[in-house]
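# Give me a model of this one.
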Amino acid sequence: MPIINFHQEFLDAIASGEKRQTIRKGRAKPIKPGDNLILYTGFRTSKARRIGEHTCLGIDTIKIKWENGSICLNGTWMHKSHIDWIAAKEGFLHTAAFFGFFKRHYGDDFEGVVIRW
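Purely as a prediction, here's the structure:
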């Protein structure tokens, strides 16, 4: 069962069911639809807390380009309205916060997967 760790700022959105996906770098052993996902915050710390357990419903590929604020989902470049929707699904109030978060945490342009539960 894959474990996925979350920042504290996303806990309310996960608990309410508003956030039912996460964008992550690829793994050595990729997560697949049907896998049980164990969600944590503070994993591998003394403040570790299990948030819940969910079944992976699907995986999408994603590319995030900072310089022009664009997203490619499953090989298709998204329209701005769809980018706003993705940012909201990730728990951000606006796309600037979404892009800022990924730039802070990953630096360069990002390639990974969207894990949905």
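# So the most far-flung residue of the chain relative to its centre versus residue 36, what's the distance?
No residue in the chain sits farther from the centre than residue 46, which is 23.9 Å out by C-alpha atoms, centre = their mean. From residue 46 over to residue 36 the distance is 25 Å, taken as C-beta to C-beta, to the nearest Å. Heads up, the C-betas are built off the backbone N, CA and C, glycines and all.
# Counting by contacts, list what the longest helix seen in the chain packs against.
The residue-count maximum for a helix in the chain (DSSP state H) belongs to helix 95-106. Contacts defined by 3 or more C-beta pairs under 8 Å, 6 or more residues apart in numbering; DSSP states H and E place helix 95-106 against helix 80-89.
# Could you list the buried residues of the helix it packs on?
83, 86, 87, 88, 89 (16 or more other C-beta atoms under 10 Å).
# Quick check: the last one touching residue 21?
Yes. In this structure, residue 89 is within contact of residue 21 by C-beta atoms under 8 Å, at 5.7 Å.
# Spatially nearest residue to residue 95 (excluding sequence neighbours)?
residue 87 (4.6 Å; C-beta to C-beta, 6 or more residues apart in numbering).
# what does residue 101 give?
Take residue 101 and drop its neighbours on the chain: the residue closest to it by C-beta to C-beta, 6+ apart is residue 92, 6.9 Å away.
# Repeat that for residue 52.
Of all residues not flanking residue 52 in the chain, residue 39 sits nearest, at 5.1 Å (C-beta to C-beta, 6+ apart).
# What is the burial count for that neighbour?
Neighbour count for residue 39, taken as other C-beta atoms under 10 Å: 23.
# where are the low-confidence patches of this structure?
Scanning the chain for pLDDT under 70 picks out nothing.
# Strands along that one, start to end?
3-6, 21-24, 36-41, 49-55, 58-65, 70-73, 76-77, 110-116 (DSSP state E).
# Each with direction, which strands does the longest one pair with?
The strands that strand 58-65 pairs with in its sheet are strand 70-73 (antiparallel), strand 110-116 (antiparallel) (by DSSP bridges).
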